[in-house]
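**Q** need a 3D model of the sequence below.
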Amino acid sequence: MYFFLKRLNNNIEPSYNDKANCFSFSEIDYYNGIDDYNRHHSYNPPYYALGQVKGGLEILNSISSILKGEEWFDRKRLDNLYFQKKGFIPGDSESWVYSIIKENFK
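**A** Residues are numbered from 1 along each chain as shown. This is a model prediction of the structure:
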């Protein structure tokens, strides 16, 4: 089960593919510096539902300014954090996918 936070635009809900206005709870955790796969995928019944609710409540409590509408997530910052964790140092010269393809074909 995945949970998402979406920003409405003129009272219209964005699609899940709208990366600027739709963030999963695991992305929000990553944005806040928490990288714990098990936090969002606790497979031990009967604690699965309780873990989901507990984690969701902690996430919502950590983003009060976003819930109030005072700010929003920076997708570019989140992407940079993710790419750096995977070993790619983002730059303006080329995309990370292109650099991996180029390296593999050398």
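**Q** sec struct for the spatially most central residue of the chain, please.
**A** Closest residue to the average C-alpha location of the chain: E27 at 1.4 Å, with Cα atoms, centre = their mean. Of the three states, E27 takes helix under DSSP: H, G, I helix; E, B strand; the rest coil.
**Q** residue contacts, it?
**A** Going by Cβ atoms under 8 Å, 6 or more residues apart in numbering, E27 touches F73, L78. All C-beta atoms are positioned from the backbone trio N, CA, C, and that covers glycine.
**Q** report pLDDT for it.
**A** pLDDT, E27: 89.
**Q** look at L5 and say how many residues are nearby.
**A** Other residues within reach of L5, judged by other Cβ atoms under 10 Å, total 19.
**Q** neighbours of the nearest residue to F25 once chain neighbours are set aside, how many?
**A** Leaving aside its sequence neighbours, F25 sits nearest to F3 (Cβ to Cβ, 6 or more residues apart in numbering; 4.4 Å). Residues near F3, counting by other Cβ under 10 Å, number 16.
**Q** helices or strands up against the one helix or strand E58 maps to?
**A** Element membership of E58 [criterion: DSSP states H and E] is helix 47-62. When contacts are defined as 3 or more Cβ pairs under 8 Å, 6 or more residues apart in numbering; DSSP states H and E, helix 47-62 sits against helix 25-31, helix 37-40.
**Q** what helix or strand is L5 on?
**A** Assigning secondary structure by DSSP H and E places L5 in strand 4-6.
**Q** from the chain's centroid, how far away is that strand?
**A** Mean-position distance between strand 4-6 and its chain equals 10 Å (Cα atoms, centre = their mean, to the nearest Å).
**Q** also stretch 67-78?
**A** In this view, stretch 67-78 has its centroid 11 Å away from the chain centroid, taken as Cα atoms, centre = their mean.
**Q** also stretch 21-28?
**A** Mean-position distance between stretch 21-28 and its chain equals 4 Å (Cα atoms, centre = their mean).
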